[in-house]
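Undergrad: Would you be able to build a 3D model of this:
(one chain, ligands or ions: 1)
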Amino acid sequence: MTGSIQLNDIVVDVTLKKIKNIHLSVYPNGKVKVSAPLRMNEETIRLFLISKLGWIKQKQTKFQNQQRETPRDYIDRESHYVWGQRYLLKVIEHDAPPKMILGHSEMVLQVRPRTSHEQRNTIIESWYREQLKLALPPLIEKWQLIMGVVVKKFFVQKMKTRWGSCNYTRSNVRFNSELAKKPPECLEYVVVHELVHLLEPSHNARFHSLMTQFMPHWKLIKAELNRLPI
Ligand SMILES: [Zn+2]
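TA: Residues are numbered from 1 along each chain as shown. Modelled structure (predicted):
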């Protein structure tokens, strides 16, 4: 069941589902969606949304201020970023399995002739995922020891709205593959953030003081990450 609720100038899409808790999301395009349990009535949902109005506005402003990365064409001399450094793409067509080679300032993408734009995109994205999968284990290990937590499993995937997430009950952490484009300290900050969630699931005062204890300058890195295009 779907509908919408209007709150001042914000229209919220409402979906009633077989779920236990109400869930609110703000998307990069500014859209607001709420999923609520089937039995919840409109008035309760409206009151919930009113209580979250400040948070919704804050998220929308954040997305508005954050630049969106321009879509890539995967052609020669196009800029691509790896760990915060800029590389110029060079595409070579060769009838062999595709590969990526990172030079000093050049990123060479070798593809089979007539490889489509989507296929080039898939090859590059899986390469970024691999870079992150290689960079994460030593960082997770380091911070597990410092914090005395255990990560059971980590995942890497492309996410549109967040840099990472943590499943406190399962001790799983998830990282956005786009982090491989950002400076390395950004990745370390996200690792620390998600691992602190294993000690404190919510973003409360305790969470912030743990962040400061482990990474005193975390606010600076967070600001930098929010400034960089996603
Ligand atoms: Zn968090």
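Undergrad: Every contact and neighbour count from this point should use C-alpha atoms.
TA: Will do.
Undergrad: What helices and strands are in contact with the helix-or-strand element of the chain with minimal mean pLDDT?
TA: Ranked by mean pLDDT, DSSP states H and E, the weakest helix or strand in the chain is helix 53-65, scoring a mean of 86. Here helix 53-65 touches strand 23-26, going by 3 or more Cα pairs under 8 Å, 6 or more residues apart in numbering; DSSP states H and E.
Undergrad: List the buried residues for stretch 35-48?
TA: 35, 36, 37, 45 (16 or more other Cα atoms under 10 Å).
Undergrad: Check the offset of that stretch from the chain's centre.
TA: Taking Cα atoms, centre = their mean, to the nearest Å, one finds stretch 35-48 lying 28 Å from the centre of the chain it belongs to.
Undergrad: Please put the alpha-carbon coordinates of that stretch into PDB.
TA: This file holds the C-alpha atoms of stretch 35-48, laid out as PDB (Å, rounded to 0.1, in the frame of the first residue of the first chain):
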ATOM      1  CA  SER A  35       8.100   2.700   5.200                       C
ATOM      2  CA  ALA A  36       5.700   1.900   8.100                       C
ATOM      3  CA  PRO A  37       4.100  -1.200   9.600                       C
ATOM      4  CA  LEU A  38       0.700  -2.100   8.000                       C
ATOM      5  CA  ARG A  39      -1.200  -1.400  11.200                       C
ATOM      6  CA  MET A  40       0.200   2.100  11.700                       C
ATOM      7  CA  ASN A  41      -2.300   4.900  11.000                       C
ATOM      8  CA  GLU A  42      -1.700   8.100   9.000                       C
ATOM      9  CA  GLU A  43      -1.800  10.400  12.100                       C
ATOM     10  CA  THR A  44       1.000   8.400  13.800                       C
ATOM     11  CA  ILE A  45       3.100   8.500  10.700                       C
ATOM     12  CA  ARG A  46       2.500  12.200  10.400                       C
ATOM     13  CA  LEU A  47       3.500  12.800  14.000                       C
ATOM     14  CA  PHE A  48       6.600  10.700  13.500                       C
END
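Undergrad: which residues does the nearest residue to residue 3 once chain neighbours are set aside bridge with?
TA: Of all residues not flanking residue 3 in the chain, residue 14 sits nearest, at 5.1 Å (Cα to Cα, 6 or more residues apart in numbering). Beta bridges link residue 14 to residue 3, residue 34, judged by DSSP bridges.
Undergrad: shouldn't residue 14 be in contact with residue 37?
TA: No. The pair residue 14 and residue 37 fails to qualify as a contact (Cα atoms under 8 Å) at a distance of 10.5 Å.
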